[in-house]
Every structure is written in structure tokens, then in C-alpha cells.
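J.: Below are the sequence and a predicted model; questions follow.
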Amino acid sequence: MPQNENVFFSATARAAAWRRRALSRLVHRGRSWVREAGAVTAQRPGPYRFRALGPGTRLAFPQGTVFGEHWISLGEHCMIGEQVTLTVGLLPADPAEVDYGPRPIVSIGDGVVIGRDSHVVALAPIVIADKVFCAPNVYVTSTNHAYHDPDRPVGEQWPSAEPVEIGYGSWLGVNSVVLPGTRIGRGVVVAAGSVVRGEVPDHCVVAGAPAKVVRRWDPVDGWQPPLTAPAPAPLPEDLTPRQLLDLLDVNELGQRART
């Protein structure tokens, strides 16, 4: 043993390091438990009373702002990320005091994925069809501020509202915005950071602010302009839901590493 080594200090440091590791493991286990217990599902809806909440659908904890859920319908096997806002109306209100009618205002189909920190904000109907995938920080709204009166603050003017529809199998890239009155067709790719307004045809790619069509699918010639990247390998047909979740986690970690 070196003559200058402080045996008491060394033992104390090792004990302190062990306590820090044990505390770290405890904190992470507790966090995992809280995330699991706080997730919203059909079996465990928590404080929310959605118009419909299909089997296999999960709202990750912590949830974002959620109100007006009596007029929100979620299909089966949807994955709603952390801090996703889902609202109908301008402010939280008792359903006995505010009535938006017998039908859902926000209708989310089966197999929809909405990435973390996204927003779906509605006064007029919003329809998101089956198997629409939304990256993080996507904003979809059927209501917008009005500024018709130049003598009044914009935030005090009654907003305008128009229905929104997003077609089957579309993909909305990170930080994209879908404005009131938009109808997005089937199989559309909305590039990251795009601002979409108006009619978007089936099977195309839109990009920019305002978004414009930059690529289309032709039944004879395929994608025009042609794709330059090779086609990715298809997902295995026997892929389980657990493996799909793991795959999404890996992609999310890679995205975080790149940013």
C-alpha cells in the first residue's frame, strides 16, 4: 500500500460513489414507473373522457394540454408522444356549458403516430385518416387568429375556423404546420418545416412556406423528379408491436444524436 494513501478517505469516496450509483438507478426506475403509470390507454383513461379511445392506443406521459376531449375520437393502435396537445375549443369548459354537437370535432384514425411536442388544435373539424405519421413538433390547427380590425389587438379578435383533412398514410415532417382549410391527400409527404394551406393532391411531396408540390407520383414513370436515394428495405411482415416500438426508439435516439 502506498505510504501516502488515506485509507479512510478512499473508503469514504467509494461509499459515496456507490450511493450515487444506487440513487441514479432508483431515480431512473422511478421515472420509468411514473411514465408507465401515467400513460393513458383505454383501460386506464386517467382524468380524460374521450369520445372514443381505441384498444392499443397510448398517450405517453406526461401528456400535453388536453381539453374538450368529449369531442376527440382516437382510433385503435395509435401512439401519441409526450407533451402532445389535443384541444377542442378555445379554453377548457364543462361539456354541460359548451356543446360542439353530436359528432367528434377531432377524429384520429387507426394506427396514427403523433410525435412528441406536437399540437392538434380545433374549432372546426379536423380529420386525420388511418396510418398518418407525424414527426415531433408538428402543428395542425383548424383555427387561426384574425386581424380584420386594425384598431384591436389580434389576440382579442374572434378567430377564423375552417375544416382540415389529412389523408391516409401521409407523413408530416418535423416542425411542419397545417393551417385551417387544408386538405392533404393520400400518401403525401410534407417536408420538414413546411407550412401547408389549401388543397394537396394524392401521392406527392410538398415543401416550403407556403408549401408547394416538388415531386409527384406518376403511374407510368414513377416519382418525378426521380428519387436519388435507394429504396429502404421493407419492414418484416412478422414484425411485432414491441419490435416496432424498439425501432422507433432507435430512430428517435439517432435523431437526437444528430441534433
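T.: The structure has been received and is ready for your questions.

J.: hey, let's count contacts and neighbours off CA atoms from now on
T.: Will do.

J.: the strands in the stretch 1-150 of the chain, which residues?
T.: Ranges of strands in the stretch 1-150 of the chain, per DSSP state E, counting those that start in this stretch, are 52-53, 58-59, 66-67, 72-74, 79-80, 85-88, 106-108, 113-114, 119-122, 126-128, 133-134, 139-141, 143-144.

J.: My guess is Asn144 contacts Pro163. True?
T.: No. Contact criterion CA atoms under 8 Å: Asn144 and Pro163 do not qualify, at 11.5 Å.

J.: Neighbour count: these two, which is higher?
T.: Counted by other CA atoms under 10 Å, Asn144 and Pro163 do not tie: Pro163 has more neighbours, with 20 against 16.

J.: which ones are touching the more buried one?
T.: Counting by CA atoms under 8 Å, 6 or more residues apart in numbering, Pro163 makes contact with 124-126, 142, 180-182.

J.: now, which of those residues lie within helices?
T.: Among the contacts of Pro163, no residue falls in helices (DSSP state H).

J.: What about the residues you listed, which one has the most neighbours?
T.: Ile126 (28 neighbours).

J.: Would you confirm that it contacts Arg103?
T.: No. Look at Ile126 against Arg103 with CA under 8 Å: they stay out of range, at 11.6 Å.

J.: quick one, helices of the stretch 1-150 of the chain?
T.: 7-38 (DSSP state H, counting those that start in this stretch).

J.: Below-threshold pLDDT in the stretch 1-150 of the chain: ranges please.
T.: Within the stretch 1-150 of the chain, the stretches with pLDDT under 70 are 1-9, 96.

J.: at 90 what do you get?
T.: Residues of the stretch 1-150 of the chain meeting the criterion pLDDT under 90: 1-37, 90-102, 146.

J.: Give me the longest strand you can find in this protein.
T.: Criterion DSSP state E: the longest strand present in the chain is strand 212-218.

J.: chain center to it: distance?
T.: 25 Å (CA atoms, centre = their mean, to the nearest Å).

J.: for stretch 170-189, same thing?
T.: 13 Å.

J.: repeat for stretch 119-135
T.: Relative to its chain's centre, stretch 119-135 lies at 9 Å (CA atoms, centre = their mean).

J.: Start and end of it, how far apart?
T.: One end of stretch 119-135 to the other measures 11 Å (CA to CA, to the nearest Å).

J.: sorry, back to before: select, out of the strands of the stretch 1-150 of the chain, the one closest to Ala22.
T.: Set against Ala22 and scored by CA to CA, those come closest in strand 58-59, at 30.1 Å.

J.: could you say what helices and strands that closest one packs with?
T.: strand 79-80 (3 or more CA pairs under 8 Å, 6 or more residues apart in numbering; DSSP states H and E).

J.: Contacts for the strand it packs on next, please.
T.: Contact with strand 79-80 is made by 57-60, 111-116, as judged by CA under 8 Å, 6+ apart.

J.: and if you look at stretch 117-128?
T.: 64, 81-90, 104-109, 112, 136-143, 161-168.

J.: try it again with 7 Å
T.: Under the contact criterion CA atoms under 7 Å, 6 or more residues apart in numbering, stretch 117-128 has outside partners 82-89, 105-109, 136-143, 161-167.

J.: Regarding it, how distant is the last residue from the first?
T.: 17 Å.

J.: Could I get the strands of the stretch 1-150 of the chain in CSV, plus columns for distance to Gly38?
T.: Listed next are the strands of the stretch 1-150 of the chain as CSV, based on distance: least, CA to CA, whole Å:
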stretch, distance to Gly38
strand 52-53, 16
strand 58-59, 9
strand 66-67, 14
strand 72-74, 18
strand 79-80, 13
strand 85-88, 16
strand 106-108, 21
strand 113-114, 18
strand 119-122, 20
strand 126-128, 25
strand 133-134, 22
strand 139-141, 24
strand 143-144, 30
